[in-house]
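[1] Everything below, folded, please.
(one chain, ligands or ions: 1)
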Amino acid sequence: MPVPILLVAGFLGAGKTTVVNHILAHAGGRRIAAVVNDFGAINIDAELIAGASDGVVSLANGCICCSLEGDLLRTLATILRRKPRPDAILIETSGVADPEDIVRNLLDPVTFQEAPLETVLCVVDATMAPAGLDDPLLRAQLRAATMVALSKVDLVDAAQRQRVRDAVAAIRPGLLQIEAPHGQVPLELVFPDSPDRPPVPRPPGSRRPSFERFESLSWTSDKPVSLPRLQQAIARLAPKLARAKGLFETVEQPGRQFLFQLAGGRATLVPAGAPASGLPRARIVFIAELAALSAAEIAAVMDGCVAEGAD
Ligand SMILES: Nc1nc2c(ncn2[C@@H]2O[C@H](COP(=O)(O)OP(=O)(O)OP(=O)(O)O)[C@@H](O)[C@H]2O)c(=O)[nH]1
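    Numbering: from 1, shown residues only. Just a heads-up that it's a prediction; the model follows:
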């Protein structure tokens, strides 16, 4: 039996991991293998999805999760050899990825026979100004899509939702757009029993040279951070950041872990369970346009978040 693939694409911080977590939590008995392709040395997404950070891990609901470290086809072959075979494979691309190369690889006839790429879901942040859709990377993600999920619709009014819908429709007329507050995507839509939707658009034959636009810089500490100092540090760095996310313990509440997210200019902090053992007590990934920030600048600002003598 072929194992269908769902590819989840979308801009930095659009809400891809939120969609993936919703799908895995509502798999309804389907065994879904998740492949996470995070951008950065610390794979926060794999931790958020699987609660573990290395290699292939089993999820509580019987799914498997692995990070896309080697090449995609090798990762898929490993997944397809697993017994029992998964019912579906979900691949989350990193927010800096133009899905074109991934789509081209997946449409390889041999791969397609065993694991057909059925859906490319592009997650679009409904809070963005419609002009944000002029971004060439986001346009490339939309070009590859067979379906759009509008995220964060709970944060905007109907007029803004319509503006973003219209802007998407101007780029891809007729493309199915669904609203997906907090990642709520209907499973029967992304894993239909009998798919009868247009095939995934074939990217042009020639590979365009990929250009690097973003870089990822990591900061870790074996000590907990001071929350007020961290807030000040993030306020200083935020104007230069495209995205940041991290997991850490605080001096104020030792023994508990928090998840920090900066996406689309909005910062959030939520409790994230018990700290993972064997990992630094603070690990944060910063993503910025190339040359906007240096590792030294991050270290200088962030090292001030660790209180002297804290342990
Ligand atoms: N209010 C609200 N927040 C959302 C929604 N979807 C995502 N978020 C928040 O937006 C931030 C980014 O969401 P993620 O799911 O991590 O985004 P992502 O696209 O996986 O991010 P990258 O992989 O880093 O590109 C997080 O703080 C989410 O909690 C939504 O529908 N409503």
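
[2] so which helix or strand takes in the closest residue to I284 other than its chain neighbours?
    Leaving aside its chain neighbours, I284 sits nearest to G246 (2.9 Å; criterion: C-beta to C-beta, 6 or more residues apart in numbering). C-beta: built from backbone N, CA, C; applies to glycine. Using DSSP states H and E, G246 falls within strand 243-249.

[3] what about that strand, average pLDDT?
    Averaged across strand 243-249, the pLDDT comes to 93.

[4] Which residues belonging to it are considered buried?
    243-249 (16 or more other C-beta atoms under 10 Å).

[5] Tell me how far the residue nearest to I284 lies from L269.
    Look at G246 and L269: by C-beta to C-beta, to the nearest Å, they are 10 Å apart.

[6] Give me the common contacts of the two.
    Common contacts of G246 and L269 (C-beta atoms under 8 Å, 6 or more residues apart in numbering): 259-260.

[7] what does this protein have sitting close to the ligand?
    Within the chain, the positions near the ligand by C-beta under 6 Å from any ligand atom are 10, 12-18, 45, 95, 151-152, 154-155, 181-183, 243, 245, 261, 263, 268.

[8] List only those of those residues flagged as buried.
    Buried among these by 16+ other C-beta under 10 Å: 10, 12-18, 45, 95, 151-152, 181, 183, 243, 245, 261, 263.

[9] Filter these down to just the ones in strands.
    Using DSSP state E, 10, 151, 243, 245, 261, 263 are the members of these that sit in strands.

[10] Quick check, the residue in the stretch 51-200 of the chain closest to the ligand?
    Proximity of the stretch 51-200 of the chain to the ligand (C-beta to the nearest ligand atom) peaks at G95, 2.6 Å away.

[11] How about the contacts made by that residue?
    10-14, 16, 39, 243, 287.

[12] And the residues you listed, which is the shakiest by pLDDT?
    The minimum pLDDT among these falls on F39, with 67.

[13] which SS class is V185?
    coil (DSSP: H, G, I helix; E, B strand; the rest coil).

[14] From I91, how far off is it?
    Per C-beta to C-beta, V185 is found 15 Å from I91.

[15] do A77 as well
    Counting by C-beta to C-beta - A77 and I91 are separated by 14 Å.

[16] Look at those two and report which has more neighbours.
    I91 (25 against 13; other C-beta atoms under 10 Å).

[17] which other helices and strands contact the helix or strand encompassing the more buried one?
    Counting by DSSP H and E, the element that carries I91 is strand 88-92. Counting contacts by 3 or more C-beta pairs under 8 Å, 6 or more residues apart in numbering; DSSP states H and E, strand 88-92 is packed against strand 5-10, helix 16-25, strand 32-36, helix 72-81.

[18] Quick check: buried residues in the second one?
    Of the residues in helix 16-25, those scored as buried under the neighbour-count criterion (16+ other C-beta under 10 Å) are 16-24.

[19] so Q141 sits in a helix?
    Yes. Counting by three-state DSSP, Q141 is found in a helix.

[20] Use 24 as the first number for this chain going forward.
    From this message on, residue numbering opens at 24, which makes the last subject Q164.

[21] Mind checking what helix or strand follows the longest helix along the chain in sequence?
    Secondary structure of the chain per DSSP state H: the longest helix is helix 181-194. Heading C-terminal from helix 181-194, the first helix or strand you meet, by DSSP H and E, is strand 199-202.

[22] Not counting its own residues, what contacts the helix or strand following that next one?
    Next helix or strand after strand 199-202 toward the C-terminus (DSSP H and E): helix 210-213. Contact with helix 210-213 is made by 29, 46, 49-51, 53, 142, 144, 170, 201, as judged by C-beta under 8 Å, 6+ apart.

[23] Now with 6 Å, please.
    Here helix 210-213 makes contact (C-beta atoms under 6 Å, 6 or more residues apart in numbering) with 29, 49, 142.

[24] Tell me the spacing between P262 and the ligand.
    18 Å (C-beta to the nearest ligand atom, to the nearest Å).
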